[in-house]
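> here is a sequence together with a model predicted from it:
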Amino acid sequence: MGMTNSPTAAPAPPAGRATRSTGPANGPVDPSRWIRTYHDRPSATARLVCFPHAGGAANAFVALSAALPEDIELLAVQYPGRQDRRAEPCAEEIGELAAGVAGALASRSDLPVFLLGHSMGALVAFETARLLEERGPVARLFVSAARPPAQDWEEPDLTGVGDEELVAGLRRLGGIPEPLLRDPEILGEVLRLLRADHRALLRYRCADGAAVAAPLTVLLAASDPKNSLEQMADWARHGRNGHTLVTLSGGHFSLVERPGETGPLLTHCVRQDLARLAAAPPAAEPQAPAAPAEEPLADLVREILLGGLEGRTPALPTDPTALEDAARAVMSPEGFAYVAGTAGSGATGRANRAAFDRHRLVPRMLRGTRRADTSVTLFGQRLPVPVLLAPLAAQQVAHPEGESATARAAAAAGVPLVLSTFASRTLEEVAEQAGDHPRWFQLYLPSDRAVGESLVRRAEAAGYTAVVVTVDATHLGFRPAELDSGYSPFLRGTGIANFTGDPAFLAGLPAGADATAAVLRWAQISTDPTLTWADLAWLRGLTRLPLLVKGILHPDDARLALEHGADGVVVSTHGGRQLDGSVSALDALPAVRAAVGPDVPVLMDSGIRTGSDVVKALALGADAVLYGRPYVYGLGLGGRGGVEHVLRCLLTDLGLALALTGCARLADVGPHLLAGTTSDTPGHGPAENGDRR
Ligand SMILES: Cc1cc2nc3c(=O)[nH]c(=O)nc-3n(C[C@H](O)[C@H](O)[C@H](O)COP(=O)(O)O)c2cc1C
């Protein structure tokens with residue numbers, strides 16, 4: 001094995017300012033030996049502790065420290081044996097380094113602690129996190145340019161390797177300016193440290209099943225010659241609460257060489273975590289499932305109003321517009337633009353909402369409706385509510401835990417979810433988080449059919465119980481907000497998780513292909529602009545799972561979908577993100593229902609924001625709805641707790657809307673509830689027993 005993951009040393013001093021010793025904090029460890037700060041941050045609300053690479057020193061992080069804002073203080077770790085600790089022997093073991101840092105941090109527990117390890121430093125940070133978690137939580141662990149701990153970290157013994165070979169390795173990896181490599185004194189020091197740190201790496205063995213509770217963010221530079229995308233997947237085994245992969249531009253040393261890119265990225269992640277920690281009320285994080293959906297009214301309204309008596313108000317807004325505004329304030333501008341953006345002039349987006357506003361409910365009184373039975377049966381599956389989470393791609397733009405947090409929240413709130421092909425977590429990871437909770441898989445049929453088949457097989461194996469094939473996005477809509485920020489999460493590696501670990505996808509990549517190559521292949525094959533109805537028939541032949549076609553607006557297309565093997569349709573404008581100026585989804589719904597008849601499941605989305613919206617959609621012929629953007633705003637604001645809050649609000653509102661219209665069950669909902677119709681007979685709402693097939 002070649003020299004991996006470690007060579008180089010930071011450029012020469014400054015060695016940084018040792019932080020004042022606060023006296024022995026945890027045993028004999030003196031913090032001033034281990035920690036350097038380069039910029040005072042008296043108003044910091046978080047600390048980012050940075051661990052250098054093999055051969056490196058604390059001052060590798062000077063530029064990154066400068067790139068961080070006032071609210072984040074960077075603490076750089078100084079390993080023994082270098083710079084101002086040169087007189088001390090280098091550590092023999094990674095664990096020795098971790099113990100030293102953990103001890104030094106004992107006196108710094110007043111602010112949330114984030115750890116960031118680069119290359120070898122990632123192992124030290126990982127082991128430090130494990131030690132710190134014995135005392136309390138670590139807010140997040142970032143690991144950069146590093147293979148997962150249980151992978152082959154056995155480094156060659158560099159004692160026998162000649163200087164020239166080592167220097168060639170250093171040049172390949174970059175990170176040390178050429179003039180420094182030519183300075184015999186500096187080079188001698190770099191090589192000495194490199195050999196010493198390699199000895200510690202040589203001895204490192206990851207304990208079986210070692211994992212941290214802290215959420216993990218894995219940073220991988222697109223042109224890192226030492227680490228590949230495939231290797232990164234194993235970090236999942238080391239984070240009990242999931243891991244996120246973020247692709248950086250540049251090479252092995254991007255983290256420290258491109259502070260203009262990495263500083264804002266880290267700031268965004270840290271601030272999101274802080275907002276999540278602050279927003280999540282203590283009750284929002286319990287592992288036990290939240291209160292069942294049967295009686296949301298009693299739960300949420302009572303809970304909030306009783307809390308008000310004690311001076312508490314909800315941590316997140318209950319109003320959908322206020323929620324969107326709050327999300328705008330915490331999400332990155334480009335992430336928010338991606339989620340909120342619509343196509344063209346936004347006409348379809350506005351039409352979607354206008355259609356809901358145009359329809360008015362005419363409630364019936366004194367029907368003794370205590371609470372409605374909201375369950376519905378679709379394809380033989382009993383769903384607790386007629387609401388599923390719409391497939392929204394790349395949810396890591398909103399929160400580092402992305403779809404994993406969403407899946408846990410969906411399970412807790414009792415709302416089934418539809419996972420996007422373009423999720424930022426693999427469908428298997430999401431299935432694990434969802435447990436027994438109902439889940440469907442949304443499929444974008446890739447132009448490489450082998451990849452399409454593989455995705456379907458994996459979804460079947462992971463317990464997804466329906467396939468929703470989306471047909472309205474074979475071309476990407478013209479979305480000014482995204483275009484103006486020049487932002488595509490996918491081209492930055494977010495939202496392609498289902499591909500990068502897929503055997504059929506990897507088979508199309510040359511061995512050792514880097515992250516950029518994976519993104520490029522994804523861009524080539526992930527959708528297929530040549531799709532026709534014949535392809536739907538092909539898909540029908542591939543799986544026995546119920547098949548829905550999403551993106552239908554014309555009644556004839558609904559008929560064609562059924563003729564080519566679909567079991568149901570989703571009337572949708574893709575949230576107004578595709579064809580600008582199209583008919584709204586709600587306006588298209590009645591004709592689609594009429595075209596497919598009363599027995600075929602019809603779902604709808606695009607514009608659902610309130611419980612009354614759900615009732616209106618059901619009254620116009622939907623069996624269930626998909627709920628979109630609001631839950632991702634909740635995710636951005638509060639991670640899992642935020643999604644759960646948003647879902648509880650919607651279900652509470654739905655329960656109230658049903659009770660206030662006098663409906664005891666979904667079968668009572670029909671067009672008679674809408675102004676302009678006079679009949680008192682339920683029409684094309686769900687069948688009497690709420691059952692479709
Ligand atoms: C950020 C974002 C990503 C989306 N990604 C997908 C996707 O991957 N697959 C899909 O079928 N629909 C996708 N959609 C469309 C949604 O499934 C749904 O149709 C839409 O969000 C409904 O509109 P609403 O959110 O305004 O209610 C996406 C929508 C948004 C806003």
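Now that the structure is in, tell me what you want to look at.
> nearest to the ligand: which residue in the stretch 51-200 of the chain?
In the stretch 51-200 of the chain, no residue comes nearer to the ligand than residue 140, which is 23.5 Å away by Cβ to the nearest ligand atom. (Each C-beta comes from the backbone N, C-alpha and C, glycine too.)
> so that residue touches residue 218, yeah?
No: counting by Cβ atoms under 8 Å, residue 140 stays clear of residue 218, with 11.4 Å between them.
> what sits against the residue nearest the centre of the chain?
Compute the mean C-alpha point of the chain, and by Cα atoms, centre = their mean the closest residue is residue 402, 1.7 Å away. Residue 402 makes contact with 244, 394, 395, 396, 423, 424, 425, 635 under the criterion Cβ atoms under 8 Å, 6 or more residues apart in numbering.
> close to the ligand: what parts of the stretch 351-500 of the chain are there?
390, 391, 392, 393, 420, 422, 442, 470 (Cβ under 6 Å from any ligand atom).
> and the residue of the stretch 51-200 of the chain closest to the ligand, how many neighbours does it have?
Residue 140: 27 surrounding residues under other Cβ atoms under 10 Å.
> now do the phi/psi pair for it.
phi -170, psi 150 (degrees, to the nearest 10).
> that one and residue 75, how far apart?
Residue 140 sits 15 Å away from residue 75, going by Cβ to Cβ, to the nearest Å.
> equivalent analysis for residue 350, please.
Residue 350 is 49 Å from residue 75, by Cβ to Cβ.
> same question, residue 65
Residue 65 sits 9 Å away from residue 75, going by Cβ to Cβ.
> common neighbours of those two, please.
In the contact map built from Cβ under 8 Å, 6+ apart, the residues linked to both residue 65 and residue 75 are residue 37.
> show me which of those two is the more surrounded one.
residue 75 (27 against 24).
> assign that one to helix, strand or coil.
strand (DSSP: H, G, I helix; E, B strand; the rest coil).
> which ones are touching it?
Counting by Cβ under 8 Å, 6+ apart, residue 75 makes contact with 19, 35, 36, 37, 47, 48, 49, 50, 108.
> now the stretch 201-350 of the chain, which segments are flagged as low pLDDT?
Residue ranges of the stretch 201-350 of the chain with pLDDT under 70: 247, 280-298.
> what does it put close to the ligand?
When proximity is defined by Cβ under 6 Å from any ligand atom, the stretch 201-350 of the chain lies next to the ligand at 338, 339.
> quick one: residue 213 and residue 238 touch, right?
No: Residue 213 is beyond contact range of residue 238, at 10.9 Å (criterion: Cβ under 8 Å).
> who has more neighbours out of these two?
Legend: neighbour count by other Cβ under 10 Å for residue 213 and residue 238, higher for residue 238 (22 against 14).
> from the ligand, how far off is residue 492?
To the ligand, residue 492 is 15 Å away according to Cβ to the nearest ligand atom, to the nearest Å.
> measure how buried that residue is and give me the count.
20.
> can you show me the strands along the stretch 501-650 of the chain?
With DSSP state E, counting those that start in this stretch, the ranges of strands along the stretch 501-650 of the chain come out as 547-552, 568-571, 602-604, 624-627.
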